[in-house]
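J.: Got a predicted structure here, sequence first:
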Amino acid sequence: MAKKRVFISFDCDHDSEARDLLVGQAKSPDSPFDIADASVKEAPAGDWRETVRRRMDRVDAVIVLCGEYTDKAEGVAAELRIAQEEGKEYFLLGAYPDKHCTRPTTAKEEDKIYKWGWGNVKMLMAGWGGKGATRLINHAQETYGGSFHADLLAQYIHYVESAEMVSERRVVANNYMLAANSSLVTLYGILAATRFGTVWLALLPFAGFFVALTWHKVIRFYRNLNKAKFEVIHELEVMTPAAPYRYEWEKAGGSKSKGYRLLSCSGDWIPLVFMLLYLVLFAVGVIPVILRYAT
């Protein structure tokens, strides 16, 4: 799972040490994000707002560090406004647990300052799916209540079960389509051997082609759905004590594994082979009829 790229907006005159602490935490092996860019004390030459806008184009989200004087930091206010205009996901993070942290003047009324804790930061980051995407996590622990972890675990278990059900349905659909196509090919062979109805020798491959095409689309649908489900599972595991699915995926080599690519591609190729076979059978059944009428 690719880490999210983050821009840190902060008051350079007062909160540089908090910035350094967040940068250090982002280097942790279990961090779901990387620091891609941050505020700078000296304004870039030229139109600095356009420079910041271009730098934000390269990130997925913005973390706004809020300190005692953030409400007076014009640069932070401008950066947050740019993030809002660009549709970037962002959240406000209290830089100090023992001080009164203030919001930028451009913060929306509903923007709250979250307490800084590594678990809380990971949880908030895991709720992001990218620009304009729906959040995976709707509430932080501090706003949800004491049953947060228990409810999260229950949802995680239910979601894993739903992913396994999708895999099972994919196998059932694959077996059904394989049986249907095998039956059509067998029926074609029987009709060809008995020389019964040249019309059927043309219609069966024609119908079989679209059956195989549907098979191909069904396989791709279930594969994409399963891939999306396991990406969500990997994001949920950022907030669980153990991450067995993500760990297993990395140990197996991920999408770069030769076995994964072989099995994934073979599922696509089987329907395509049947489609090619149907085209050949259609030609074999129709061409003699055309030649007969032509002579």
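T.: Thanks, I have the structure now.
J.: drop to CA atoms for contacts and neighbour counts, all remaining ones
T.: OK.
J.: Mind jotting down where the strands sit in the stretch 1-150 of the chain?
T.: Applying DSSP state E, counting those that start in this stretch to the stretch 1-150 of the chain gives strands spanning 4-9, 33-38, 61-66, 89-94, 113-114.
J.: Quick check: neighbours of the shortest one in the sheet, parallel or antiparallel?
T.: So that's strand 113-114. If you go by DSSP bridges, strand 113-114 pairs up with strand 89-94 (parallel).
J.: So for stretch 103-113, mean pLDDT?
T.: Throughout stretch 103-113, pLDDT has a mean value of 89.
J.: Endpoint to endpoint, it covers what distance?
T.: Stretch 103-113 has its terminal residues 7 Å apart, counting by Cα to Cα, to the nearest Å.
J.: possible to save the strands of the stretch 1-150 of the chain as a markdown table with mean neighbour count and distance to R55?
T.: Conversion of those to a markdown table gives the following (neighbours: other Cα atoms under 10 Å; distance: least, Cα to Cα, whole Å):
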| stretch | mean neighbour count | distance to R55 |
| --- | --- | --- |
| strand 4-9 | 22 | 9 |
| strand 33-38 | 19 | 7 |
| strand 61-66 | 26 | 11 |
| strand 89-94 | 22 | 15 |
| strand 113-114 | 18 | 24 |
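J.: closest one to F274 among those strands?
T.: Using Cα to Cα as the measure, strand 4-9 is the one of the strands of the stretch 1-150 of the chain that comes nearest F274, at 41.3 Å.
J.: circling back to that earlier point, quick one: closest of the strands of the stretch 1-150 of the chain to K122.
T.: It's strand 33-38; of the strands of the stretch 1-150 of the chain, that one is closest to K122 (Cα to Cα) at 8.4 Å.
J.: check which helix or strand covers L204.
T.: L204 is located in helix 198-236, with elements delineated by DSSP states H and E.
J.: Okay, angle between the very next helix or strand once past that helix and helix 198-236 too, please.
T.: Towards the C-terminus, the helix or strand next in line after helix 198-236, according to DSSP H and E, is helix 244-251. Taking axes from the mean of the first three to the mean of the last three Cα atoms, to 10 degrees, one finds helix 244-251 and helix 198-236 inclined to each other by 110 degrees.
J.: where's helix 244-251 relative to the chain centroid, distance-wise?
T.: In terms of Cα atoms, centre = their mean, to the nearest Å, the gap separating the centre of helix 244-251 from the centre of its chain is 16 Å.
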